Structures are given as C-alpha cells and as structure tokens.
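Colleague: let's see this in three dimensions:
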Amino acid sequence: MLYITIQELEAAINYWRSQSPSAGDELCLCPEASALAKSYALMIIQGAQRLPMDVLDESAREAIQKFVKTSQNS
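Modeller: Now for the predicted structure:
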C-alpha cells in the first residue's frame, strides 16, 4: 500500500474507536486512533484525498497496517 485515502483513514479511526472507546472525563482517543487523527485532520484542512504512507509516523503506519489486516480477515 503506497497511499491511503481519506476514506480508508476515517474507517481505520472508526475501527480503533470501536475497539477501544474513548475513556475518562477527557474522552481521550485510544493510542491507535490518536496516531491517525493528526494526518486525518491535515488531509481535511488541505482538501487532500490521499496521502503517501511514507509520510505517516511509525505508530500511524502500524495502526493502519493492523486495521488493513483485520479488515481483510473479516
């Protein structure tokens, strides 16, 4: 996977949020959703439809890769 679309990124965030809902008074995102949130926000602000995978940091890449594996096995 060379690129990730904004729809795939949103699906991954929603997946991680469903696996580990926000908790506490602050309603903090789980680490995986949090790792993806910055890239998602930047894509929205920039009007981008896809993003090269190599610009994501390691934790975001891992969250996406785990999501893709899980999605393919479903």
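Colleague: confidence-wise, which helix or strand of the chain is lowest on average?
Modeller: Every helix and strand of the chain was ranked by mean pLDDT, DSSP states H and E. The lowest is helix 58-73, at a mean of 92.
Colleague: buried set for that helix?
Modeller: By 16 or more other CB atoms under 10 Å, the buried positions in helix 58-73 come out as 60, 61, 63, 64, 67, 68. C-beta: built from backbone N, CA, C; applies to glycine.
Colleague: quick one: which of those is nearest to residue 25?
Modeller: residue 63 (24.4 Å; CB to CB).
Colleague: nearest spatial neighbour of that closest one, chain-adjacent residues omitted?
Modeller: Counting by CB to CB, 6 or more residues apart in numbering, residue 32 is the residue found nearest to residue 63 once chain neighbours are left out, at 3.9 Å.
Colleague: angle of the helix or strand residue 9 falls within against helix 58-73?
Modeller: Per DSSP states H and E, residue 9 falls inside helix 6-19. Calculated by axes from the mean of the first three to the mean of the last three CA atoms, to 10 degrees, helix 6-19 forms an angle of 90 degrees with helix 58-73.
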